[in-house]
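Trainee: have a look; sequence and predicted model below, questions after that.
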Amino acid sequence: MSLDKTRRELLQAAYTEMHLQGFQAASLNAILNKAGVTKGALYHYFRSKKELGYAVLDEWIQPYLMTTWIEPLINGTLPPLERLKSTISQGSEALGDKEIQLGCPLNNLAQEMSPIDEGFRQRTDALYQAWLESISNTLKEGQTLGNIRQDIDPRDTALFILAALEGCMSIAKNAQSREALVHCGKGVLNYLDSLAG
């Protein structure tokens, strides 16, 4: 197994275990078994479980967030409001049953670890701020083009949209129901329609 592949296997196994159990309850032995590597290999790459957890955020969750939720807003060609609606629809449709069952990994870690570890808090906050900025900038672009109402504050509205999206995931997780996610998502899309200028 190459070094890069070993690191990738460790990150994937750690992500899976953390998503299932939470960071604090995640078992290093389970991670090692899933990755098929030794404890020595783990400590070659990561000095501690906490450092491994940080790497999962930086190298596994962050790229997913960028690819699925942020880059489509930054690089999309649709008009701003349609781009936002399309990104939300496609991101929601891409969620598998496991994601609905276990919830948003970013939100899970933020809720569990932000009150007790500053490293996790800073990392999750940085990801939320990047997501928030991409939504806010899309709304500002729509205002500039005259497609989105001028009477809204883009940042406040972006924060509301982001909170609604994460709330939909939490409700679906609690209900263990894709149907709950679909209905909640419709409410978010209806709200976005109300922003049209």
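Mentor: Good, I have the coordinates.
Trainee: and Gly103, what is it in contact with?
Mentor: Gly103 sits next to Met169, Ser170, Ala172, Lys173 when contact means Cβ atoms under 8 Å, 6 or more residues apart in numbering. Every C-beta, even on glycine, is put in place using the N, C-alpha and C of the backbone.
Trainee: I'd say the last one and Ile100 touch.
Mentor: In this case it means Lys173. Yes - counting by Cβ atoms under 8 Å, Lys173 touches Ile100, with 6.7 Å between them.
Trainee: for Ser2, give me the pLDDT.
Mentor: Note for Ser2: predicted pLDDT of 52.
Trainee: what pLDDT is listed against the residue of the chain positioned farthest from its centre?
Mentor: Here the chain reaches farthest from its C-alpha mean at Gly40, the gap being 30.6 Å by Cα atoms, centre = their mean. Looking at Gly40, its pLDDT reads 92.
Trainee: in a helix, that's where it is, yeah?
Mentor: Yes - under the criterion used here (DSSP: H, G, I helix; E, B strand; the rest coil), Gly40 sits inside a helix.
Trainee: going forward, the N-terminal residue is numbered 455.
Mentor: In the new count, where the first residue is 455, that last one comes out as Gly494.
Trainee: now for the contacts of Gly557, which pair is the farthest apart?
Mentor: Distance extremes for those: the farthest pair is Ser624 and Ala626 at 7.4 Å, using Cβ to Cβ.
Trainee: who has more neighbours, those two?
Mentor: Ala626 (25 against 17; other Cβ atoms under 10 Å).
Trainee: end to end, how far does stretch 594-603 reach?
Mentor: Start-to-end span of stretch 594-603 (Cα to Cα, to the nearest Å) is 10 Å.
Trainee: scratch that, stretch 644-651
Mentor: In terms of Cα to Cα, the two terminal residues of stretch 644-651 are separated by 14 Å.
Trainee: buried residues in it?
Mentor: For stretch 644-651, the neighbour count (16 or more other Cβ atoms under 10 Å) marks Leu646, Leu649 as buried.
Trainee: contacts for it?
Mentor: Contact with stretch 644-651 is made by 535, 538-539, 542, 593, 596-597, 600-604, 606, 611, 615, 618, as judged by Cβ under 8 Å, 6+ apart.
Trainee: so which of the residues you listed sit within helices?
Mentor: Cross-referencing these against helices under DSSP state H gives Leu535, Leu538, Lys539, Ile542, Leu593, Gly596, Gln597, Thr611, Ile615, Ala618.
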